[in-house]
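S.K.: below: sequence and its predicted model.
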Amino acid sequence: MKTFALAVSLVAAVSFAQDAGTPVAPPGFKARAVTKGGDKKGVDALYLACDEALKKGDIDALAARIDFPLTMITDTAAGVPVTLQWERQAWVDTMKRSAGLPKDLKLSKKTKVTFLSDSLAMVEEANEQIIGKAKDRWLSGAVVQRRDGQWMFKAMIEGGWGELVAAPPRPEPLVAPTPRLPVKALEQVKTK
């Protein structure tokens, strides 16, 4: 409870200070600047490796470039946001079920990277898809992070998948099953 109260106090202090025109950071906070100008080549290499894996249909190679759990953010046709957090196996199983791209599919992606620090970046993705004579364009995004010297996806954001993306299968139930009571115990519960 003390931690919650401290957090609320810090948010209130920052909000009050911003209203007064004086930015205030929580005690001990130091903004992380981009000291190297951003590793655009490293992020580009991440996207190139994923494009190559996608062309080969290598779902495991794609999964190797994700720092699980992965946050997936989308919405429904009605505009209702859907946010899921997937572990590796659930993501792999879902991607394998939807694998099998059309032979005449042409995909292209242009990225605009904004570095938040040397190890965190947001990526705006401008996508184009051509199948035969049909062409489609849309925006999507990602949060990438550098872990152990390698850029990896941490979140993927794209509108319109809400109706198609069901919660991934879970290896174990969220709630432990209720133990069965003997018949006599059930009778006693009913009579009370």
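M.R.: Here it is on my side, so go on.

S.K.: burial count for Ser108?
M.R.: 11 (other CB atoms under 10 Å). The C-beta positions use only the backbone N, C-alpha and C, and glycine is treated the same way.

S.K.: ok, now which ones touch Asp75?
M.R.: Shown in contact with Asp75 (CB atoms under 8 Å, 6 or more residues apart in numbering): 81-82, 159-160, 162.

S.K.: assign a three-state SS to Asp51, would you?
M.R.: For Asp51, the assignment made with DSSP: H, G, I helix; E, B strand; the rest coil gives helix.

S.K.: OK, contacts around it?
M.R.: By CB under 8 Å, 6+ apart, the contact set of Asp51 is 107, 109.

S.K.: relative to Gly132, how far out is it?
M.R.: Counting by CB to CB, to the nearest Å, the gap from Asp51 to Gly132 is 21 Å.

S.K.: returning to that earlier point: just the buried residues of the contacts of Asp75.
M.R.: Buried members of those, scored by 16 or more other CB atoms under 10 Å, are 82, 159, 162.

S.K.: distance check, the first one against Gly159.
M.R.: From Val82 over to Gly159 the distance is 10 Å, taken as CB to CB.

S.K.: shared neighbours, those two?
M.R.: Joint contacts of Val82 and Gly159 (CB under 8 Å, 6+ apart) are 74-75.

S.K.: counting neighbours, what do you get for Ser119?
M.R.: Using other CB under 10 Å, Ser119 has 15 other residues around it.

S.K.: whoops, Val143 was the one
M.R.: 18.

S.K.: next SSE after the helix or strand encompassing it?
M.R.: Assigned by DSSP states H and E, Val143 belongs to strand 134-147. Per DSSP H and E, strand 134-147 leads on to strand 150-157 as the next helix or strand towards the C-terminus.

S.K.: mind listing the strands that following strand pairs with, and their directions?
M.R.: strand 66-75 (parallel), strand 134-147 (antiparallel) (DSSP bridges).

S.K.: who's in contact with it?
M.R.: 39, 42-43, 45-46, 65-67, 70-74, 121, 140-146.

S.K.: rounded mean pLDDT for it, please.
M.R.: Average pLDDT, strand 150-157: 97.

S.K.: in contact with the nearest residue to Gln129 once chain neighbours are set aside: list those residues for me.
M.R.: Closest residue to Gln129 apart from its sequence neighbours, by CB to CB, 6 or more residues apart in numbering: Asp136 at 4.7 Å. Applying CB under 8 Å, 6+ apart to Asp136 gives the contacts 128-130.

S.K.: outline the domain layout of the protein.
M.R.: By the assignment in automatic domain parsing, the chain contains the domains 1-30, 32-157.

S.K.: so which of these is the most surrounded?
M.R.: domain 32-157 (a mean of 14; mean count of other CB atoms under 10 Å).

S.K.: nice, that's everything, thank you.
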